[in-house]
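>>> Build the 3D model from these lines:
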Amino acid sequence: MDRVKSSMQQVPNPIPKALIRRTGGANSLELEKENFERGQAVSINKAINTQEVAVKEKHARTCILGTHHEKGAHTFWAAVNRLPLSSNAVLCWKFCHVFHKLLRDGHPNVIKDSMRNKADLSDMSRMWGHLSEGYGKLCSIYLKLLITKMEFHVKNPRFPGNLQMSNRQLDEAGENDVNNFFQLTVEMFDYLECELNLFLGVFSSLDMSRSVSVTAAGQCRLAPLIQVILDSSHLYDYTVKLLFKLHSCLPADTLQGHRDRFQEQFKKLKSLFYRSSNLQYFKRLIQIPQLPENPPNFLRASALSEHISPVVVIPAESSSPETEHMGDLVTEDLVDTDIPVQPAAVVEPRFDDLFGTSAATDPFNFNNQNGMRKDDKDRLIEQLTREIQALREELESFRLESGRLCQALRGRVNELEAELAEQSHLRMQALGESEFLRVELDDLRRVKEDTEKEQRSLTEMERKAVANEQRYAKLKEKYTELVQSHADLLRKNAEVTRQMTVARAAQDEVDSVRREMQEKVKAAQEAAERREQEQVEQLQELQRELISSRAALDTLKSTMASSQQSSEELSSQLSTVESEKVELAGSLLKKEEELAGLGEELERVQSSLSSERESGVKTAEALQNQLNEKESREQALESQLVAARWSTLQGAVEEAERIVQDSLAQLDDPAHISCTSSADYLASRCRASLDCMARLHSARDSYLADNTGMSELVRAVTHLAHLVGNTIVQGSATSHMLPVEQADALSDSVKACGAEALALLGQMKEQESLAMADSATLRAALNGILATAEKLRPRGLELQQGELGDLVEQEMAATSAAVESAAARIEDMLNKSRAVDSGVKMEVNERILASCTDLMQAIKVLVLSSKDLQRDIVDSGRGAASMKEFYVKNSRWTEGLISASKAVGWGATVMVDAADLVVQGKGKYEELMVCSHEIAASTAQLVAASKVKADKDNANLGRLKLASKGVTQATAGVVASTKSGKSQIEEKDTMDFSSMTLTQIKRQEMDSQVSVLELETKLQKERERLGELRKKHYELAGVAEGWGEEDEGTG
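Modelled structure (predicted):
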């Protein structure tokens, strides 16, 4: 039994390669290649599996020999790419181990073939790096090491994969250039750093308190460290030699960083070598060298002679059980196991033991037969008989043993056949997976195309967002200017009011001073007059006394003359008279002195009175001048205040005109085409505008009555402008949901309302025509829009049976008419373009209009198919009821048809308008693309509404689907022709950076990054706004179609 077991162990593969070569033909290269690839795939799958055990050396060696056989690693990567390395960490870890062995011991072309998968390895490393423990983190570190190893060997092709080089080859690798040696040392430091990181990662993941090196899981993690030890020993030796060479050529200070980095790596490597040498797993597989106690002193050149290169010793491979097993396998491959081989050395000793040596040369002893006695012959015959019987029994046991061996070999054959079937199944599964991957690749390509389309639409949205942002910025600037001017006017008004208050206070003070001065002057005049009268009276009295004295003197003289005759009589009288004369002369002198003093006092009083009169007159004149100046300043301030109030009103009116003009301009904006609104909201805006007009009328009357009532008029004008502008925008958005005729009528009404609003504001700008400004026309226009909005409100259940049925036919007829009209207009535009344009522009216009014509024809076919399908639906579902009763019974479906027909007719009209503007050079290509997409969406809505009640086997339904595909292809043709025409007409500026410095480029790069961030923020906001607009559009569309009313009626 032991012999059978050993035979079974020695024959694991009962179909050796020698037999395969005999049966398949010796010269069949394709068969040999197939056998080689099959063997490699089996070895790779056995080496790289999900079992947490170390990779077997025999499987890894088969992979290595395979790379040398095909001189590359194509077969290896073909097998590895089918493995789920990203989903199983143990599988990825064992792949890294095998791949490391191939990089070291495989063919040199393995590195070149593996560089193609560098990006995949980097992505896998980043993916496993997200795990913080277990094999995931170790796989991330190991993949980084393998990528670093490949990059190192690509940069330095002189280094073999196992890093074994002589000193002469090391010098040749640096080409005797110190710069090359310097760079090579840095790259070796990076390489060794990755090796040490893997070392530390493996040791940190193991529980060193237990004997992990004897467990299968521990050996699975420790096995790759053998390759790391081999690489690290060579890298350490080469870095030491290169550092000594660099220190001999460069200053020590320049290499301080190299020395510090070497000291750090030396300590780590020494510790890791010491820890590895104590593990039982490494003791029987590898002899790890020990590094010196202290690192080399590079500042001393003689220390190089003391350096001993570390040598890693691997025991002979014959001592490994796996190696012996591999030798048996190789031997077995060259032996035909169908014929059991029985060695002669086994039989001969048994024959000698039975018959002896002489019996071997003469087994029957014929030479001595005559001399032998009969008894001896009988005994000999019996003995031979027993021997023969024993040999027969032994032969039978041999037969039984060979039978069991054959049975075991047949079982092995069955196992191999089962394995072959499994491999065939795996091959079929791989083919299925490849087909699935091919389909997935096609899906990814389609997704990529869709992503590119979305990117292009996103770019268009970004452009529109930028345009909206610029428009918003302009409006914000205008609003800021208006607010600033309003604030300035308010400040000027407050300043003028304050100055007027000061002027009034100054005028009151001047009046009081003037009255006081007048009173003082009057009092001074009265006092002067009184004093003058008294002095005149005193003077008159003195003059009378003087006249009387002179009269008395004359009388005395006459008496003296008459009395001269008698001197004696008169002597006494003379003496008396003389004394009286003397007295009178003295009194006269006194009176004359008093009169002179009074004259001087009178002159002084008169001079002081005249000076007081002059000063009073001057003071009065100065006060009068000040009063006149105050009055003139007050009048100027009053005129400035009036002018400021009027300029404020004019500014408000001008801003209101700009608001209305901007609202009118939005009607021609391509981005506004996709905006919709409801009739209810339009009616509410019209009512608010009419209420604001009444408020404006009363504010204008109050301002005309009293100029101080300016603020209320400004607020009324601004509010009216906002409401009218909103009414214009909402009216245009509402017209987008209407048929062509109603949409045109509503658009004309909205534009007329804007024109009347501008006319009214123009009258209010002029001071002469402010009082005569008539708002009746604007009120009439708003009432007209309000009446139209009331008519457009959803009727829902108010429609009678006849009206709902007729409305379906009317809308479908209107849609067909709109499509016919659009096609005719496109043909007319094409003729005009051919007559006017030439060259590239004519070619672009013809291509665009031709694609638009194809789209109109496709829409026409779609509408006709939709009519036919609706007719079939009505005929099959109405029973005994009439067509109109069927429409009323299925009112929800009918309303969907009406809405879809309106959308198709409106889209066709808008696209023709956009194409007309593009051909004239006034429109935008993006608007035409948006219109085509909108038509595609509208036709899809019509198709969905038409086929929702149709039978899936209906022939008209098939024609409708084909027509829908035709519309989609025609829409794509419009978009493609528009894009190509745009690329032909528009010129692209090339960026020239030749004259820019590094700083300028860096500055512009930072500015570009800032702009990108700002645009991304704006794009995010615009996306949110678009989402809200779509949400609101859905709500308004539901209100317009009467969904809420129908739900209430149903409930």
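>>> Can you give me the buried ones in stretch 673-690?
673-683, 685-686, 688-690 (16 or more other Cβ atoms under 10 Å). Any C-beta I mention is one placed from the backbone N, CA and C, and that applies to glycine too.
>>> send the alpha carbons of that stretch over as CSV?
Extracted in CSV, the C-alpha atoms of stretch 673-690 (Å, rounded to 0.1, in the frame of the first residue of the first chain):
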residue,chain,number,x,y,z
ILE,A,673,-38.3,80.9,-25.5
SER,A,674,-38.3,78.0,-23.0
CYS,A,675,-40.1,80.1,-20.3
THR,A,676,-43.8,79.5,-19.8
SER,A,677,-46.5,81.0,-17.6
SER,A,678,-50.2,80.6,-16.7
ALA,A,679,-53.1,82.7,-17.7
ASP,A,680,-54.1,83.1,-14.0
TYR,A,681,-50.8,84.6,-13.1
LEU,A,682,-50.9,86.9,-16.2
ALA,A,683,-54.4,88.1,-15.1
SER,A,684,-53.1,88.9,-11.6
ARG,A,685,-50.2,90.9,-13.0
CYS,A,686,-52.7,92.9,-15.2
ARG,A,687,-54.9,93.7,-12.2
ALA,A,688,-52.0,94.8,-10.1
SER,A,689,-50.8,97.1,-13.0
LEU,A,690,-54.3,98.6,-13.2
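>>> what residues does that stretch touch?
720, 723-724, 726-727, 729-734, 736-737, 779, 782-783, 785-786, 789-790, 792-794, 910, 914, 927, 930-931, 934, 1029, 1033, 1036-1037, 1039-1040 (Cβ atoms under 8 Å, 6 or more residues apart in numbering).
>>> Recalculate using a threshold of 6 Å.
For stretch 673-690, the surrounding residues in contact (Cβ atoms under 6 Å, 6 or more residues apart in numbering) are 723-724, 726-727, 730-731, 733-734, 736-737, 782, 785-786, 789, 792-793, 910, 1033, 1036, 1039-1040.
>>> again with stretch 653-665
Applying Cβ under 6 Å, 6+ apart, the contact partners of stretch 653-665 are 482, 717, 721, 724-725, 728-729, 754, 757-758, 761, 764-765.
>>> would you put the C-alpha positions of it in PDB?
Output in PDB follows, covering the C-alpha atoms of stretch 653-665 (Å, rounded to 0.1, in the frame of the first residue of the first chain):
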ATOM      1  CA  VAL A 653     -39.200 107.900 -15.300                       C
ATOM      2  CA  GLU A 654     -36.000 107.100 -17.300                       C
ATOM      3  CA  GLU A 655     -35.300 104.100 -15.100                       C
ATOM      4  CA  ALA A 656     -38.900 103.000 -15.600                       C
ATOM      5  CA  GLU A 657     -38.400 103.300 -19.300                       C
ATOM      6  CA  ARG A 658     -35.300 101.100 -19.100                       C
ATOM      7  CA  ILE A 659     -37.200  98.500 -17.100                       C
ATOM      8  CA  VAL A 660     -40.000  98.400 -19.700                       C
ATOM      9  CA  GLN A 661     -37.500  98.400 -22.600                       C
ATOM     10  CA  ASP A 662     -35.600  95.500 -20.900                       C
ATOM     11  CA  SER A 663     -38.800  93.600 -20.600                       C
ATOM     12  CA  LEU A 664     -39.500  94.100 -24.300                       C
ATOM     13  CA  ALA A 665     -36.000  93.100 -25.100                       C
END
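>>> quick one on the thing from earlier: which two among the buried residues of stretch 673-690 are spaced furthest apart?
Using Cβ to Cβ, these span at most 29.2 Å, a distance reached by S674 and L690.
>>> OK, contacts around P296?
P296 touches V240, A303, H307, counting by Cβ under 6 Å, 6+ apart.
>>> at 10 Å what do you get?
V240, K241, L243, F244, R259, F262, F266, A303, L304, E306, H307 (Cβ atoms under 10 Å, 6 or more residues apart in numbering).
>>> now the residue lying closest to it once chain neighbours are set aside: how far from Y238?
Counting by Cβ to Cβ, 6 or more residues apart in numbering, P296 lies nearest to A303, which is 5.2 Å off, once chain neighbours are set aside. Distance, A303 to Y238, using Cβ to Cβ, to the nearest Å: 16 Å.
>>> Compare neighbour counts for those two and give me the winner.
Y238 (22 against 15; other Cβ atoms under 10 Å).
>>> The more buried one contacts S166, correct?
No - the pair Y238 and S166 does not pass the contact test of Cβ atoms under 10 Å, sitting 11.2 Å apart.
>>> tell me the domain boundaries of this structure?
Residue ranges for each domain of the chain read 30-123, 156-314, 640-792, 804-986, as given by the TED database.
>>> distance between the ends of the first one?
Pointing back at domain 30-123 there. 36 Å (Cα to Cα, to the nearest Å).
>>> what distance separates that domain from the centre of its chain?
How far domain 30-123 lies from its chain's middle: 41 Å, per Cα atoms, centre = their mean, to the nearest Å.
>>> do the second one as well
Between the mean C-alpha point of domain 156-314 and the mean C-alpha point of its chain there is a distance of 46 Å (Cα atoms, centre = their mean).
>>> can you check the last one too?
Once both centres are worked out by Cα atoms, centre = their mean, domain 804-986 turns out to sit 35 Å from its chain's centre.
>>> and the residue nearest to V186 when sequence neighbours are not counted, what element?
Nearest residue to V186 in three dimensions, chain neighbours excluded: H258, at 8.0 Å (Cβ to Cβ, 6+ apart). Taking DSSP states H and E as the criterion, H258 maps to helix 256-277.
>>> how far away is E193 from M165?
Remark: distance between E193 and M165 (Cβ to Cβ) = 20 Å.
>>> no wait, T50
Distance of T50 to M165, given as Cβ to Cβ: 38 Å.
>>> So the two - more neighbours on which side?
M165 (17 against 12).
>>> Excluding covalently adjacent residues, which one is nearest to the more buried one?
Nearest residue to M165 in three dimensions, chain neighbours excluded: F159, at 6.5 Å (Cβ to Cβ, 6+ apart).
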